[in-house]
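1. kindly return the folded structure for what I paste below:
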Amino acid sequence: MEIKKVVFVLPSIKTGGGNRVIIELSNQLIAKGIDVDVLYPYNSKDVNTFTVNEKVNFISIGQFKDSKLNKIKNLFTVFRYINKNYRNENIIFTDPIMSIFLPIVKNNNIFRFIQADDYRIFDDLLILKNKLFLNLYKFLTKISYNYNIEYLFNSKYSYDQFRTIVN
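-> Numbers count the residues shown, from 1 in each chain. Below is the predicted model:
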C-alpha cells in the first residue's frame with residue numbers, strides 16, 4: 001500500500017524533544033513526497049522553533065481561551081475534526097493523554113507513537129498534580145494499551161517499559 005498522507009496529532013506545537021522528533025519525521029516524509037498534516041488543539045500560544053518544511057500543513061483546532069474547560073473542548077474538537085476530515089490516512093498520535101480517547105476516532109489506520117514510559121511519565125505529579133488524577137490516568141492508560149491499533153516506539157527502552165505494563 002502506497003502511503004499518500006500522514007497525520008500527526010500533537011497536544012501542542014511548542015518546542016520540545018517529542019515535537020522535535022515529529023518535525024524531523026514530517027520533514028523526511030515531505031522529502032519522500034508524502035503529504036503531512038500536523039493537528040493540535042489551540043490551547044497555547046506557544047510555537048516551535050524548529051526548521052520545518054513549508055509543505056508541512058499545521059492545523060490548529062479550536063479557539064484559544066486560557067481556561068481548562070475550553071482546553072478540554074478543543075481536545076475533543078480535534079477528534080471531531082479527524083472523524084470529519086480523515087478516512088483512510090495514517091494517523092499517528094503521540095500524546096499519552098490524547099491516546100486514551102482513541103476509540104472515538106473513526107479510522108482504521110491509527111498508530112500510537114510511544115516516545116517515553118507513558119505509564120510512569122506523570123509520576124512526579126508536576127502536570128497531573130493530584131494522586132487521584134494520576135491513578136485515573138494510569139488506569140485508563142493500561143486500558144488503552146489493549147486498543148486494537150498499531151504501536152510505534154522510538155526506542156527499545158520505551159518498548160520494554162510498555163511490555164512491563166501489558167504483560
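2. run the chain-centre distance for the lengthiest helix in the chain.
-> Criterion DSSP state H: the longest helix present in the chain is helix 68-85. Its chain's C-alpha centre and that of helix 68-85 lie 13 Å apart, by Cα atoms, centre = their mean, to the nearest Å.
3. what about the strands in this protein?
-> Ranges of strands in the chain, per DSSP state E, are 5-9, 35-41, 57-61, 90-93, 110-114, 150-153.
4. hang on, the earlier thing: buried residues in the longest helix of the chain?
-> Neighbour-count burial for helix 68-85 flags N70, K71, N74, L75, T77, V78, F79, Y81, I82 (criterion: 16 or more other Cβ atoms under 10 Å). No exception for glycine: its C-beta is placed from N, CA and C like everyone else's.
5. between those residues, which is closest to L125?
-> Proximity of these to L125, judged by Cβ to Cβ, is greatest for K71, which lies at 19.0 Å.
6. burial check on K131, number of neighbours?
-> Neighbourhood size, K131 [other Cβ atoms under 10 Å]: 9.
7. count of neighbours near the closest residue to it other than its chain neighbours?
-> Here the nearest residue to K131 in space, its sequence neighbours aside, is L125; by Cβ to Cβ, 6 or more residues apart in numbering that works out to 7.3 Å. Neighbour count of L125, defined by other Cβ under 10 Å: 11.
8. and L152, by the same measure?
-> Neighbours of L152 (other Cβ under 10 Å): 14.
9. could you measure from the residue lying closest to it once chain neighbours are set aside over to L10?
-> Closest residue to L152 apart from its sequence neighbours, by Cβ to Cβ, 6+ apart: F113 at 4.5 Å. As judged by Cβ to Cβ, to the nearest Å, F113 and L10 stand 10 Å apart.
10. okay, and the common contacts of the two?
-> I22, T94 (Cβ atoms under 8 Å, 6 or more residues apart in numbering).
11. one step back: surely the residue nearest to K131 meets L134?
-> Yes. Taking contacts as Cβ atoms under 8 Å, L125 lies within contact range of L134: 6.3 Å.
12. what comes into contact with the longest helix of the chain?
-> Counting by Cβ under 8 Å, 6+ apart, 7, 9, 39-43, 59, 61-64, 91, 98, 101, 104-107 sit against helix 68-85.
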